[in-house]
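S.K.: The following block contains a protein sequence and its predicted model.
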Amino acid sequence: MIVVTRLNGTRFAVNPDILERIHESPDTHLVTLDGAAYVVRESLAEVVELIADYRASVLRRAQDLPARTGYPLSLVRSPEPEPEPEPGPADAPQPAPQPNNHPNGM
């Protein structure tokens, strides 16, 4: 979260991941993905810097997390398919069954 200041001086935190755009005209407007808009005292450059600092802190904290042994991150690959065995006498095609023409079905 980044902390910004409304024009009346109150401070609030906003999740930068939900910001759609930031523009100055002349006040700085933060517009979220759901259309909510906030007017803040910070300049556009200051808000962008706050977001960059926030993201850098997330990466630093992730690097500081203890490694979990036994659960290394790696690409999961499918096992290589085993080669098809060479056909042998037992694998030879069997003749198709012949229709039973016996009158009693035997």
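M.R.: Received, thanks.
S.K.: where does the chain have low pLDDT?
M.R.: Within the chain, the segments meeting pLDDT under 70 span 67-77, 87-106.
S.K.: Look up how far residue 80 lies from residue 15.
M.R.: Distance, residue 15 to residue 80, by C-beta to C-beta, to the nearest Å: 44 Å. Where you see a C-beta, it was placed from the backbone N, CA and C, and this is true even at glycine.
S.K.: cool, residue 32 as well?
M.R.: 48 Å.
S.K.: tell me the secondary structure for the most centrally placed residue in the chain?
M.R.: The chain has residue 17 as the residue nearest its centroid, 13.4 Å off, counting by C-alpha atoms, centre = their mean. When classified by DSSP: H, G, I helix; E, B strand; the rest coil, residue 17 comes out as helix.
S.K.: again with residue 21
M.R.: Judged by three-state DSSP, the three-state class of residue 21 is strand.
S.K.: how about the strands in this protein?
M.R.: With DSSP state E as the criterion, the chain has strands at 2-5, 11-14, 19-24, 28-32, 37-40.
S.K.: hmm, who's touching the last one?
M.R.: Think strand 37-40. Strand 37-40 is contacted by residues 4-7, 12, 14, 27-32, 47 when judged by C-beta atoms under 8 Å, 6 or more residues apart in numbering.
S.K.: any idea how far residue 48 is from the nearest residue to residue 30 once chain neighbours are set aside?
M.R.: Distances taken as C-beta to C-beta, 6 or more residues apart in numbering place residue 38 nearest to residue 30, at 4.5 Å, with adjacent residues excluded. Computed as C-beta to C-beta, the residue 38 to residue 48 distance reads 15 Å.
S.K.: before we move on, back to that, I'd like the strands of the chain written out as JSON lines, with distance to residue 66 and mean neighbour count added.
M.R.: Converted to JSON lines, the strands of the chain look like this (distance: least, C-beta to C-beta, whole Å; neighbours: other C-beta atoms under 10 Å):
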{"stretch": "strand 2-5", "distance to residue 66": "27", "mean neighbour count": "16"}
{"stretch": "strand 11-14", "distance to residue 66": "27", "mean neighbour count": "12"}
{"stretch": "strand 19-24", "distance to residue 66": "32", "mean neighbour count": "13"}
{"stretch": "strand 28-32", "distance to residue 66": "34", "mean neighbour count": "17"}
{"stretch": "strand 37-40", "distance to residue 66": "37", "mean neighbour count": "15"}
